[in-house]
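Trainee: take this sequence and fold it.
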Amino acid sequence: MFARLNSLWLAAPLLMLAGALVHFSMAPYTLWPLAIICPWLLGLSLYRSTPSGDFWRALSFNLGLCGAGVSWIYVSISQYGSTTPAIAALLIALFIGGIAFIFSWPYWLCARFFRANRYALVLGFPAVFVLGEWMRSWLFTGFPWLYLGYGLMETPLLGWAPVLGVFGISLLSLLASGCLGLAFFTLLRDKNRRQAFIWLIVALIPGLAGRALLPLHWTHTSEKPISIGMVQPNIPQEEKWDPLYYAQNIKILRELTEPLWGKDWIIWPEAAIPFLYHDAQPFLEQIDLTAKRFNSVFISGIIFDDIKQDKYYNSILARGAGGSGLYFKQRLVPFGEYVPFEEQLRGLIGFFDLPVSIINVGPEQQNGLKARNLLISPAVCYEIAYPDLVARRAKDSNILLTISNDAWFADSIGPLQHFQIARMRAAETRRYVVRATNTGMSGIIDPYGKVQVVGERYKPIALSGEAVAVEGLTPYMVWLNWPVLCACWLLLAWSYFATGQNKRALTFN
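Mentor: Okay, the predicted model is just below:
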């Protein structure tokens, strides 16, 4: 069937639909079988294609994936970017098209590997798919979203997270599903039951091994739990930076915090303090004194203004009883926190002049936050989506903290995807993740990616829970993505060799 789809006009709609269905394997839908089936619709369509045909087929698939999976960005552009619906639609189309275009380039080489060999297809396609995901994590600062592994968090493959990370889960799932397809093909076409059985066993190995890996600790926890209070103020985005609402917003924060004093940690979300750092000194001194009186560590997001250099940073600070440190965000959101091609785009439309689109990149070498004798690895909003960045920082920390403000995306699936990503970071590092947000989802995630506490979205709440300090390193924290990348290149090399040497062709007559 798929080999006969030589016409791109026939293949493109099917592949676009397949890409769109993949995002339903992720939060909030978690229909994980779609992450197993749909990518291979693309893989099979690449068989006996041409380099240019591979690219356009991959582009169709990725347009569907990105169009369905990140269309919620339209909310921030249309509601908070001072744009008309038509301009907002055009901007989100350009964004989705650009991401899909970048993600599709590795497939240009697929025809050289998959031309006429079933084994090259089964081993080479997963490698190209995962290399595309990895490339999207860093190219042009990256857009680390919609990785296939996130859609498989409810399966035994999650056991591989502390070993190979999210990219490893993507690779193993594609290899397993490819071997499963090869087992059926061998049985139906070649009538070779023995060989089909062997491929079936190979297909089951990643899942069975993942199930065995799931309960392994890899790290060890302290005995004493940390009592944590999180404030979710639910302040509307249009009021957050309006001076007329400063007093009201501070009142909301104070009232929600009042019953939490006495907890070991009290956490406010991203940029919760509605003043620049130097203007907020009197307020911070009051908070510091109160926190020390109740023996609490106070942690909050704030915009830091470097007066000497006229620069601004999205930051987190720690104060109070044993709290110290100031962290500057290193991975910025394009157009949200900084504007590429600033001189050309500033002033064209309101979207390019958002209140926080003047943020600077923080230095690479920074210490985390301290809470008495514990070290906290901070991540501001978007940063939690970078697997290697989080894993590197987690080496010297006991707990992960991420603060965010997902009010930009209103009642969309974006914040739910964001929370799922934080769950994967917990599983990769085997550390607790504490997540405090303005509108939700705020919560505490245990080292196995399971949600311990979560607050209801779009309600002002004071959320309480407990976490435990963790020490030790997971294998993924030691070697990061290198094993997966090496495996991908080895698979591609083998696929190329097999295509040139093995004449047994895969046909679908």
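
Trainee: CA only for contacts and neighbour counts going forward, please
Mentor: OK.

Trainee: per-residue pLDDT of Ala291, please?
Mentor: For Ala291, the pLDDT comes out at 97.

Trainee: actually, Gln365.
Mentor: Note for Gln365: predicted pLDDT of 86.

Trainee: what's the spacing between it and Phe328?
Mentor: According to CA to CA, to the nearest Å, Gln365 and Phe328 sit 10 Å apart.

Trainee: check His418 too.
Mentor: From His418 across to Phe328, the span is 20 Å (CA to CA).

Trainee: contact partners for Gly368?
Mentor: Counting by CA atoms under 8 Å, 6 or more residues apart in numbering, Gly368 touches Gly325, Leu326, Tyr327, Leu375, Ile376, Ser377, Pro378, Ser397.

Trainee: what residue ranges in the stretch 101-250 of the chain score low on pLDDT?
Mentor: 109, 111-116 (pLDDT under 70).

Trainee: quick one, helices of it?
Mentor: With DSSP state H, counting those that start in this stretch, the ranges of helices along the stretch 101-250 of the chain come out as 110-114, 118-136, 161-185, 193-213, 237-240, 246-257.

Trainee: out of the contacts of Gly368, who's the most crowded?
Mentor: Pro378 (29 neighbours; other CA atoms under 10 Å).

Trainee: just to revisit the earlier point, would a markdown table of the helices of the stretch 101-250 of the chain with distance to Phe55 and mean neighbour count be doable?
Mentor: As requested, the helices of the stretch 101-250 of the chain are exported to a markdown table (distance: least, CA to CA, whole Å; neighbours: other CA atoms under 10 Å):
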| stretch | distance to Phe55 | mean neighbour count |
| --- | --- | --- |
| helix 110-114 | 9 | 25 |
| helix 118-136 | 12 | 24 |
| helix 161-185 | 19 | 24 |
| helix 193-213 | 28 | 17 |
| helix 237-240 | 40 | 16 |
| helix 246-257 | 50 | 16 |
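
Trainee: ok, which of the ones you listed comes nearest Tyr312?
Mentor: Counting by CA to CA, Tyr312 lies closest to helix 237-240 out of the helices of the stretch 101-250 of the chain; the figure is 17.3 Å.

Trainee: tell me which element Pro378 falls in.
Mentor: Using DSSP states H and E, Pro378 sits within strand 374-380.

Trainee: what lies in contact with the helix or strand following that strand?
Mentor: Following strand 374-380 in sequence order, the next helix or strand is helix 387-394 (DSSP H and E). For helix 387-394, contacts defined as CA under 8 Å, 6+ apart pick out 165-166, 377, 379, 383-384, 400, 425, 428-429, 476-477, 480-481.

Trainee: mean confidence score for helix 387-394?
Mentor: For helix 387-394, mean pLDDT rounds to 96.

Trainee: show me how far it is from its chain's centre.
Mentor: Its chain's average C-alpha position is 12 Å from that of helix 387-394, according to CA atoms, centre = their mean, to the nearest Å.

Trainee: with just CA atoms, put the strand holding Pro378 into CSV.
Mentor: Provided in CSV are the C-alpha atoms of strand 374-380 (Å, rounded to 0.1, in the frame of the first residue of the first chain):
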residue,chain,number,x,y,z
LEU,A,374,20.3,21.9,50.6
LEU,A,375,21.1,22.9,47.0
ILE,A,376,18.3,23.7,44.6
SER,A,377,18.6,23.4,40.9
PRO,A,378,16.3,26.2,39.4
ALA,A,379,14.6,26.3,36.0
VAL,A,380,12.5,29.3,34.9
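
Trainee: that strand pairs with which strands, parallel or anti?
Mentor: Here strand 374-380 is paired, per DSSP bridges, with strand 369-371 (antiparallel), strand 399-404 (parallel).

Trainee: of those, which is nearest Pro33?
Mentor: With CA to CA, the closest approach to Pro33 among the strands paired with strand 374-380 belongs to strand 399-404: 29.8 Å.

Trainee: in that closest one, what's buried?
Mentor: Using 16 or more other CA atoms under 10 Å as the test for burial, strand 399-404 gives Ile399, Leu400, Leu401, Thr402, Ile403, Ser404.

Trainee: show residues contacting the very next helix or strand once past that strand.
Mentor: Remark: after strand 399-404, the chain's next helix or strand is helix 414-429, criterion DSSP H and E. Contacts to helix 414-429, defined as CA under 8 Å, 6+ apart, come from residues 26-28, 70, 72-73, 150, 153, 158, 161-163, 165-166, 384-385, 387, 390-391, 394, 400, 406, 409, 432-433, 440-441, 445-451, 473-474, 476-477.
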